[in-house]
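Q: Model the structure of this input:
(one chain, ligands or ions: 1)
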Amino acid sequence: MRHGEIQRFTFLERIVHWVVGLSFLFLLLTGLAFSHPRLFWLTTLAGGGATARILHPWMGVAFTVGGVAMFFLWIRDMRIDAADREWLKAIRYYAVHDKARVPAAGKYNAGQKMFFWTMTALGAAYLVSGVPMWMPGGVLGVGPFYGGIVNAMRLVHYMATVGGGLLLIVHVYLGTVAYPGTLGAMLHGSVTRGWAKLHHPRWHGKESGR
Ligand code: HEM
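A: Okay, the predicted model is just below:
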């Protein structure tokens, strides 16, 4: 945490977020490599095709464990309330940076909360559709998974990947270039008072004892 700033994320929250973030990036790139021969060269980033194929499901385990930890760390602050519904109605003003017409956000705005819940649902979809492809012979008494099921799961896995990949692009854009000062929250854990007041006024008020 930097001197004079407000703490936004603890060390544990940041470690968990980066386990999820970096494992997701690895999964996205290797998953895209498996999806089309033209993209197979991406496996070189992971040490070749065979290594990428072995590492992909294990990285999925890291993503799942991190995702579950993140879920329980943040669920309390992610509940959607009446103020969030007002925020969502004004989302077009948020998109054009017309701050005066956007209702004051708490620790997270409604868009961030929606991202959290959508990634939670997609995380469950990756797991449920990934396991039958990894262990078609069955696991923990469930299975075996026959060809038709594995093929259906492959489609679910692929569609969830396209959705998660597009959301990640928006998430990284908003967390870096769109709102300067945000990335620091996930690197050193704190934000300036000005940042907090501008983007999350209700949270700023609470943190300042107002
Ligand atoms: C790999 C590149 C990533 C970068 C650069 C990044 C950056 C950030 C930053 C700067 C924040 C803090 C926002 C704030 O203080 O308001 C944040 C929050 C968050 N991140 Fe990431 N992140 C990445 C990947 C991911 C992935 C892959 C997931 C989930 C699968 C994820 C889930 C979240 C969630 C749920 C939050 C809290 C709500 C929100 O700010 O949207 N992040 N991220």
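Q: Now do the contacts for the nearest residue in space to residue 40 that is not next to it in sequence.
A: Nearest residue to residue 40 in three dimensions, chain neighbours excluded: residue 33, at 5.4 Å (C-beta to C-beta, 6 or more residues apart in numbering). Yep, even glycine has a C-beta here, placed from its N, CA and C like the rest. Neighbour list for residue 33: 39-43, 49, 52 [criterion: C-beta atoms under 8 Å, 6 or more residues apart in numbering].
Q: ChimeraX command to pick out the buried ones of those?
A: Selecting the buried subset of these in ChimeraX, with 16 or more other C-beta atoms under 10 Å as the burial test, is done by:
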select :42,43,49,52
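Q: what about residue 150, neighbour count?
A: 14 (other C-beta atoms under 10 Å).
Q: for the record, mean pLDDT for the host helix or strand of it?
A: Here residue 150 is covered by helix 147-173, with elements defined by DSSP states H and E. The average of the pLDDT scores along helix 147-173 is 97.
Q: Going by neighbour count, which residues of that helix are buried?
A: 153-154, 157, 160-161, 164-165, 168, 171.
Q: This structure: helices as residue ranges?
A: 11-35, 49-74, 82-89, 91-95, 110-134, 147-173, 183-187, 193-199, 201-207 (DSSP state H).
Q: can you tell me which residues contact the residue nearest to the spatial centre of the chain?
A: By C-alpha atoms, centre = their mean, the chain has its centre lying nearest to residue 119, at 5.4 Å. Counting by C-beta under 8 Å, 6+ apart, residue 119 makes contact with 67, 164, 167.
Q: tell me the mean pLDDT for stretch 79-95?
A: Mean predicted confidence for stretch 79-95 is 96.
Q: Just the buried positions in the worst-scoring helix or strand of the chain on mean pLDDT, please.
A: Here the helix or strand of the chain ranked lowest by mean pLDDT, DSSP states H and E is helix 91-95, holding a mean of 94. Within helix 91-95, the residues scored as buried using 16+ other C-beta under 10 Å are residue 94.
Q: got it, and stretch 76-93?
A: 78, 84, 87-88.
Q: Of those residues, which are in range of the ligand?
A: For the ligand, no contacts are drawn from the buried residues of stretch 76-93 by C-beta under 6 Å from any ligand atom.
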